[in-house]
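In: Quick one, fold the following:
(one chain, ligands or ions: 1)
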Amino acid sequence: MITPFTLTENDILIFLDQRRLPWEEVTFPASTAQDVAWAIREMVVRGAPAIGIAAAIGLYLSIKDYQKDDREGLLYTIQGAKELLASTRPTAVNLFWALDRIENVALTSHLPGQKLKMRLRAEAIRIWEEDVNANKRMGALGAGLFASPATVLTHCNAGALATGGYGTALGVIRALYDRGMLKMALVSETRPLLQGARLTAWELWKEGIPYRLVTDNMGGYLMAKGMVDAVVVGADRIAANGDVANKIGTYALSVLAERHGVPFYVVAPTSTIDLSTPSGEHIPIEERPEQEVTTIRDTRICPRGTKALNPAFDVTPSELVTAIVTEKGVARPIYSETLPPLWEEP
Ligand code: MRU
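Out: The predicted structure is shown next:
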């Protein structure tokens, strides 16, 4: 199974460096919370659930070499590492959800220092395992929404690389393929960082799942030609009213899907639902460096000195979302009523 990282027995978190895919498969070993924070910030690892799991392990790494048995010192160290890890990327709520979950265990379990360390390690691994199980469940639930073989358009990478393994939106595509229900996956390239072309295409290519790479501006043409049966995407944060923050370009696809009567499915674990954020306008949208837009792999693609905009995510209003597939079931509008029963506290 493709995974974004592995954890060695002596606690080195080895990331597959996603910045270098598909050209080379190189790894980045992280042994401290600082290393993990750097990997998230630089997008060595990316994708909402994957950065949550990595941060949880990073929080454990912050105390793994703590020698004294004083609880106060340990909790203080956790606090500092949590702040650092939380400052890496603002949009995906899974990051904060996972950090809260590890911190809560530290605060509420009355274990002595050395035992607490092992408890936090186990909790981080549990978050990882739960994510993989959730993805498989969502794959099955999502595939169940299709009555006949389908061509599915996906955006960005919501695959194994973006999660603990298997993927959310790409998990549905995997499940469709396994059931003989996938005609074709259409993979939008996802400028500026090309997560679709580089990562989603790589995953599908590795597993022999049929796909075509399309540019980000082809969606309208393809839908107008009847070449798309459904759009299936992941999410970075789902607000209480069902508004969905996901990779920039998702909103445009949702508008096109509505115009052409194509179902628009969002696939995300309940850890992506943020009931404390009432609607999409309250979701912090990450702004990334201009240079990601003005260059492709360090080659400038516009006149020298060109200024660019680079919001990394956009918000799809809930009324354009046909259904939200979670591991606990498929939510349909009205989301402010159907999401709360699915959500789980960290
Ligand atoms: O900037 P990225 O690559 O971290 O953005 C990733 C996405 O937008 C994914 O669609 C989202 O995190 C869901 S991953 C299962």
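
In: Just list the residues touching the closest residue in space to residue 224 that isn't next to it in sequence, thanks.
Out: Leaving aside its chain neighbours, residue 224 sits nearest to residue 260 (6.3 Å; criterion: Cβ to Cβ, 6 or more residues apart in numbering). From N, CA and C alone the C-beta is placed, and that goes for glycine too. Shown in contact with residue 260 (Cβ atoms under 8 Å, 6 or more residues apart in numbering): 223, 224, 228.

In: Give me the distance from the longest helix anywhere in the chain to the chain's centre.
Out: The longest helix of the chain (DSSP state H) is helix 113-143. Put simply, helix 113-143 sits 15 Å off its chain's centre (Cα atoms, centre = their mean, to the nearest Å).

In: picking up where we left off before, what distance do you get for the residue nearest to residue 224 to residue 227?
Out: Distance of residue 260 to residue 227, computed by Cβ to Cβ, to the nearest Å: 10 Å.

In: Over to residue 253?
Out: For residue 253 relative to residue 227 (Cβ to Cβ), the value is 14 Å.

In: Look at the two and report which has more neighbours.
Out: A side-by-side neighbour count of residue 253 and residue 227, using other Cβ atoms under 10 Å, places residue 253 first with 26 against 17.

In: quick one: low-confidence parts of the stretch 1-150 of the chain?
Out: Across the stretch 1-150 of the chain, nothing is flagged by pLDDT under 70.

In: if you set the cut-off to 80 instead, what comes out?
Out: For the stretch 1-150 of the chain, the stretches with pLDDT under 80 are 69.

In: In it, mark out all the helices, start to finish.
Out: Using DSSP state H, counting those that start in this stretch, the helices assigned to the stretch 1-150 of the chain run over residues 33-41, 48-63, 71-86, 93-108, 113-143.

In: Same question for the stretch 201-346 of the chain.
Out: Using DSSP H, counting those that start in this stretch, helices in the stretch 201-346 of the chain cover 201-207, 219-224, 250-259, 291-294, 335-338.

In: So for the ligand, which of those sits nearest?
Out: Ranking the helices of the stretch 201-346 of the chain by proximity to the ligand (Cβ to the nearest ligand atom) places helix 250-259 first, at 7.5 Å.

In: Quick one: residues in contact with that closest one.
Out: The contact list for helix 250-259, computed with Cβ under 8 Å, 6+ apart, reads 153, 155-156, 188, 219-220, 223, 228, 231, 233, 244, 262-264, 313-317, 320-321.

In: Residue 19 versus residue 42, what's the distance?
Out: The gap separating residue 42 from residue 19 is 7 Å, by Cβ to Cβ.
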